[in-house]
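1. Predicted coordinates and the sequence they were generated for:
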Amino acid sequence: MHVAMHMSDGLVNAPTALGFGLVAILGLTVAAYQARADLGERTAPMAGLVTAFVFAVQMINFPILPGASGHLLGGALVAILVGPWVGSLCIAIVLVVQALLFADGGLTALGTNIVNMAFVGVFAGYAVARAMRPLARRSRAGLLTTSFVAALVNTVAAALAFVVEYAIGGAGGAGLGTVFALMVGLHVLIGIGEGVITAATVGAVAAARPDLVYLLREPARMVGTTSEGVAP
Amino acid sequence: MRSSRFLIGFLLVALVIAGGLSHFASPEPDGLDSVTLNGCTVTETAEGEQLDGTCIAQNAGEHQLAGGPLADYAVDGRDGTTGLAGVIGVLVTVLVAGLVFWALSRTRGRGVRSGGG
């Protein structure tokens, strides 16, 4: 059986791969710097486990159409549970382990894979979750809805990032319009599965330990949260 | 729920998913693979996959580490070892990520004197 989940080497040309490799290194440097503020005694071990959880769930391909499957990317999941900067590092670590240990995702494609899933996916999911935060804090249904929508957007955004890379330096073999239509179409379906898994996971963590859900915490720097109560 | 109990539970769930549930994962190509294979017919041969037609995947290079002991989520390429490979992956990931995040959390107070230095 051939199991590969991420971009292989050679799908984009060398300058494009190199360029996105540099973007990934720059992004990871910023993320590592920013993540320190979100890593404490309780949150650092949580971040380690969330990373391992994403690795595990990414192995579970679920059928979406005859002959096609999808799997979790995890961007919205990590953004909601541990925040976008720590979350970006979680996904990047998963991608590095997969590329080095499991030969999944090309070594020269690591930059594009990290940009797509660890940055575009995570921050697209986080932007949605952040915008829907009042709803997420109001009720359990609100939190699950927020998780679902953020995850769906994260999946489609990551897919679009591949289309952009293909447009910049794609190796060819298919027209850009076809690639765009297929990537978006398939990843809307995969995004529904991603949404269900993300909502179920966030729901389970919030039920046991709501204090470990980044989105539900009250960062001091956030404004407009003077006397609103936290939903039980 | 206490932190340690919650975190151990979280790890066990990940191990069960990677070690057990992975057995039931769909073997069909994922979204990206489906797109890169679009336009080609795939034939399994002794040397690997043969792609006929025109598709993006024809440009894909063999992974440099394809001969590694855990390549393609199997132990030494043996059938039925995906679960074991997954368990190893979860343990390696939690170790690597735990070290990275522990190290980053240690540097948080840099520049601020904390007792005992």
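-> Done, it's in.

2. Show me where chain B has its strands.
-> B:40-45, B:48-53 (DSSP state E).

3. Which secondary structure elements does the first one sit against?
-> I take that to be strand B:40-45. Packing contacts for strand B:40-45, counted by 3 or more C-beta pairs under 8 Å, 6 or more residues apart in numbering or on different chains; DSSP states H and E, involve strand B:48-53. C-betas here are computed from N, CA, C, even on glycine.

4. The last one now?
-> Under the contact definition 3+ C-beta pairs under 8 Å, 6+ apart, strand B:48-53 sits against strand B:40-45.

5. Name every strand pairing with the strand it packs on and say which way it goes.
-> Strand B:40-45 has its sheet partners listed here by DSSP bridges as strand B:48-53 (antiparallel).

6. For the partner strand, what does the pLDDT average out to?
-> For strand B:48-53, mean pLDDT rounds to 89.

7. And stretch A:205-221, by the same measure?
-> Stretch A:205-221 shows an average pLDDT of 86 in the prediction.

8. and the longest helix for chain B?
-> helix B:82-106 (DSSP state H).

9. which secondary structure elements does that helix contact?
-> Under the contact rule (3+ C-beta pairs under 8 Å, 6+ apart), helix B:82-106 is packed against helix A:14-35, helix A:43-58, helix A:84-101, helix B:3-19.

10. Ok, which of these comes nearest B:Ser105?
-> Across these, B:Ser105 has its closest neighbour in helix A:43-58 (4.3 Å, C-beta to C-beta).

11. tell me the angle the closest one makes with helix B:3-19.
-> 20 degrees (axes from the mean of the first three to the mean of the last three C-alpha atoms, to 10 degrees).

12. Restrict helix A:43-58 to CA atoms and write it as CSV.
-> Extracted C-alpha coordinates of helix A:43-58, given in CSV (Å, rounded to 0.1, in the frame of the first residue of the first chain):
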residue,chain,number,x,y,z
THR,A,43,0.2,24.6,28.2
ALA,A,44,3.6,23.3,27.1
PRO,A,45,2.8,19.6,27.9
MET,A,46,-0.6,20.2,26.3
ALA,A,47,1.0,21.5,23.1
GLY,A,48,3.2,18.4,23.0
LEU,A,49,0.2,16.1,23.2
VAL,A,50,-1.8,18.0,20.7
THR,A,51,1.0,17.6,18.3
ALA,A,52,1.0,13.8,18.8
PHE,A,53,-2.8,13.8,18.5
VAL,A,54,-2.6,15.5,15.1
PHE,A,55,0.0,13.0,13.9
ALA,A,56,-2.3,10.2,14.9
VAL,A,57,-5.5,11.6,13.4
GLN,A,58,-3.7,12.5,10.1
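
13. right, is it up against chain B?
-> Yes: using C-beta under 8 Å from any C-beta of the partner chain, we find that helix A:43-58 touches chain B at A:43-53, A:55-57.

14. buried ones in that helix?
-> A:43-58 (16 or more other C-beta atoms under 10 Å in any protein chain shown).

15. I'd guessed B:Val13 sits against A:Phe53; true?
-> Yes: counting by C-beta atoms under 8 Å, B:Val13 does reach A:Phe53; the two are 7.1 Å apart.

16. any idea what sits nearest the residue positioned nearest the centre of chain A, other than its immediate chain neighbours?
-> Centroid check for chain A by C-alpha atoms, centre = their mean gives A:Gly75 as the closest residue, at 1.4 Å. Counting by C-beta to C-beta, 6 or more residues apart in numbering or on different chains, A:Gly121 is the residue found nearest to A:Gly75 once chain neighbours are left out, at 3.1 Å.
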